[in-house]
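Student: Just to be clear, the model below is a prediction. Sequence and coordinates:
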Amino acid sequence: MWKEFKDFIMTGNVIDLAVAVILAGAVGMVVNGFVTDIMMPIVGNFAGSVDFADMKYVLSPAIVEADGTVTKPENAVMYGEWVNSIINLVIVGFVLFIIVKAYNKTKKPKGPAAPSGPSEIDLLTEIRDALKK
């Protein structure tokens, strides 16, 4: 059983999958950092110096005592985080599109397709004619 497991783990497909998962995590961190640290400040600047993460619709405000303790926390819909997520999705999708497009350009173009042989019907017709003889 141990040998079978070792053979399974050491196949190329499993190792390729492990490398792909690790690289995907690293690329995800890079793209997330790009979106968070570079793109969102630019988008916020063009939107009137707005930080989307702080945008919310307050359903009920927080109740604070005179000494500063919060007796009832604020209840709010934090739609700004959702806007950030949508912008993040669009940017990640665009980056992946560019990567796949560049990868497809590096592939060798396929030559003309090999000529196809006779169809099944042609083969069956030949067999039938041969059997008649």
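Tutor: Now that the structure is in, tell me what you want to look at. Numbers count the residues shown, from 1 in each chain.
Student: Can you check which helix is longest in the chain?
Tutor: Longest helix of the chain, by residue count under DSSP state H: helix 79-106.
Student: Just the buried residues of the lowest-mean-pLDDT helix or strand in the chain, please?
Tutor: Sorting the helices and strands of the chain by mean pLDDT, DSSP states H and E puts helix 2-9 at the bottom, at a mean of 76. Residues of helix 2-9 include none that count as buried (16 or more other Cβ atoms under 10 Å). For every residue, glycine as well, the C-beta is placed using N, CA and C.
Student: switch to numbering from 492
Tutor: From this message on, residue numbering opens at 492, which makes the last subject helix 493-500.
Student: what about dumping the CA coordinates of that helix to PDB?
Tutor: The C-alpha coordinates for helix 493-500 follow below in PDB (Å, rounded to 0.1, in the frame of the first residue of the first chain):
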ATOM      1  CA  TRP A 493       2.800   2.400   0.800                       C
ATOM      2  CA  LYS A 494       4.500   1.700  -2.500                       C
ATOM      3  CA  GLU A 495       1.200   2.400  -4.400                       C
ATOM      4  CA  PHE A 496       0.800   5.700  -2.500                       C
ATOM      5  CA  LYS A 497       4.500   6.600  -3.300                       C
ATOM      6  CA  ASP A 498       3.900   5.800  -7.000                       C
ATOM      7  CA  PHE A 499       0.800   7.900  -7.000                       C
ATOM      8  CA  ILE A 500       2.400  10.900  -5.300                       C
END
